[in-house]
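Asker: Just need the structure, nothing else, for what follows:
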Amino acid sequence: MNRTWGGRAFDAANYTLLAVIGLITVLPFLFVISGSLVSSEELLVKKIVFIPTNISWDAYRFIFATKVIYQSLLNTVLITVVGTFINLLMTTLMAYPLSKKTLRGRSKIMLLVVFTMLFNGGIIPTYLVVKSFSMLDTYWSLWIPSAISAFNLILLRNFFQQLPEGLEESAKIDGCNELRILFSIVLPLSLPAMATFALFYAVGHWNSFFSAVIYINDSNMWPIQVWLRQIVMLSAGGFGDAGALSEVVVPPESIKYSVIVVAALPVLLLYPLLQKHFAKGVLLGSVKG
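Answerer: A predicted model of the protein is given here:
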């Protein structure tokens with residue numbers, strides 16, 4: 001097709017705008033990664049480094065010189081995997097009944113769900129509730145209070161409402177009960193939705209910091225985010241079993257950047273695995289013509 005001058009100019013403007021937005025998005029990642037690999041000498045000369053001249057791994061050696069970092073990584077993996085499973089299970093078991101028009105009082109229940117999005121009890125009442133159920137210093141304090149996200153619940157309920165009712169009616173004729181219909185028919189058809197919410201919940205658990213600081217006093221149970229905070233705070237005075245680096249001066253800025261890379265890398269590696277389903281799941285609840 002022969003494009004007009006105005007159409008070509010419009011495309012050029014769009015490409016330029018997208019390129020600028022992409023550059024703005026990539027530059028912070030490049031700056032953080034380069035800052036974690038830059039040598040102390042170069043960092044003293046240059047305040048902003050996007051491509052380091054000499055790559056130095058001293059900051060990462062400094063972080064992983066302590067044994068507790070490995071334990072905290074295992075703790076975080078456990079918190080993320082089990083927590084995401086609980087989130088998906090509880091959200092599904094609540095969203096599926098609420099998607100049924102025959103459920104009595106579902107509008108009132110949804111009103112209570114929306115109410116929690118606007119108001120909450122606050123930190124102190126929540127802490128007292130967690131303490132009264134003897135969940136302090138246990139991972140249940142990180143899983144149970146955030147078992148269901150009201151926003152994700154509403155989206156998943158809308159997704160279930162869009163499924164054809166004929167599938168469930170056919171399954172009931174064959175003798176399936178509601179749980180069998182849910183786990184054998186509805187969930188296999190909802191893989192894009194499950195993958196999307198799994199990513200949201202997993203990222204939330206991986207980045208969870210404040211709840212662990214409040215409810216977990218045992219340092220052996222701390223997730224990676226809490227320990228990385230400790231590393232940043234104590235980086236100037238040394239941290240852990242860093243005897244091998246006693247003669248190496250690691251800039252605190254490089255340690256902070258390497259901490260960011262360590263915390264963000266697992267999530268960045270997880271996203272490509274779920275990208276196929278995530279692209280479909282972002283249209284949850286949208287109007288399709």
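
Asker: show me where the stretch 1-150 of the chain has helices.
Answerer: Remark: helices assigned in the stretch 1-150 of the chain by DSSP state H, counting those that start in this stretch are 5-37, 40-45, 58-63, 68-98, 106-118, 123-132, 140-143, 150-161.

Asker: Which stretch among those approaches Ile216 most closely?
Answerer: Among the helices of the stretch 1-150 of the chain, helix 140-143 comes nearest to Ile216, with 7.2 Å by CB to CB. Any C-beta I mention is one placed from the backbone N, CA and C, and that applies to glycine too.

Asker: Now for this protein, the helix or strand with the poorest mean pLDDT.
Answerer: Counting by mean pLDDT, DSSP states H and E, the chain has its least confident helix or strand at helix 40-45, which shows a mean of 72.

Asker: Pull out the buried residues from that one.
Answerer: Using 16 or more other CB atoms under 10 Å as the test for burial, helix 40-45 gives Glu42, Leu43.

Asker: Run the chain-centre distance for that helix.
Answerer: 34 Å (CA atoms, centre = their mean, to the nearest Å).

Asker: pull the CA atoms of that helix into PDB?
Answerer: C-alpha atoms of helix 40-45 as PDB (Å, rounded to 0.1, in the frame of the first residue of the first chain):
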ATOM      1  CA  SER A  40      36.300   0.600  43.100                       C
ATOM      2  CA  GLU A  41      38.900   2.600  41.200                       C
ATOM      3  CA  GLU A  42      36.600   3.300  38.300                       C
ATOM      4  CA  LEU A  43      33.700   4.100  40.700                       C
ATOM      5  CA  LEU A  44      35.800   6.800  42.400                       C
ATOM      6  CA  VAL A  45      36.500   8.400  39.100                       C
END
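
Asker: neighbouring contacts of it?
Answerer: Gly35, Val49, Pro52, Thr53, Asn54, Ser56, Asp58, Val249, Val250, Pro251, Glu253, Ser254 (CB atoms under 8 Å, 6 or more residues apart in numbering).

Asker: low-confidence ranges in the chain?
Answerer: Scanning the chain for pLDDT under 70 picks out 1-3, 44, 232, 234-250, 274-289.

Asker: okay, now the domains of it?
Answerer: Split into domains by automatic domain parsing, the chain comes to 1-56, 57-281.

Asker: Pick the most deeply packed of those domains.
Answerer: A comparison of those by mean neighbour count, using mean count of other CB atoms under 10 Å, puts domain 57-281 on top with a mean of 16.

Asker: Pull the distance from that domain to the chain's centre.
Answerer: Per CA atoms, centre = their mean, the centroid offset for domain 57-281 relative to its chain is 6 Å.

Asker: repeat for stretch 55-67
Answerer: 25 Å.

Asker: Can you show me the CA trace of it as PDB?
Answerer: Once non-C-alpha atoms are left out, stretch 55-67 reads as follows in PDB (Å, rounded to 0.1, in the frame of the first residue of the first chain):
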ATOM      1  CA  ILE A  55      34.700  -6.000  35.400                       C
ATOM      2  CA  SER A  56      35.000  -6.800  39.100                       C
ATOM      3  CA  TRP A  57      33.100  -9.500  41.000                       C
ATOM      4  CA  ASP A  58      34.100  -8.300  44.400                       C
ATOM      5  CA  ALA A  59      30.700  -7.100  45.400                       C
ATOM      6  CA  TYR A  60      29.100 -10.500  44.600                       C
ATOM      7  CA  ARG A  61      31.900 -12.300  46.400                       C
ATOM      8  CA  PHE A  62      31.300 -10.000  49.400                       C
ATOM      9  CA  ILE A  63      27.500 -10.800  49.400                       C
ATOM     10  CA  PHE A  64      27.900 -14.600  49.000                       C
ATOM     11  CA  ALA A  65      30.800 -14.800  51.500                       C
ATOM     12  CA  THR A  66      28.400 -15.400  54.300                       C
ATOM     13  CA  LYS A  67      26.600 -18.700  54.700                       C
END
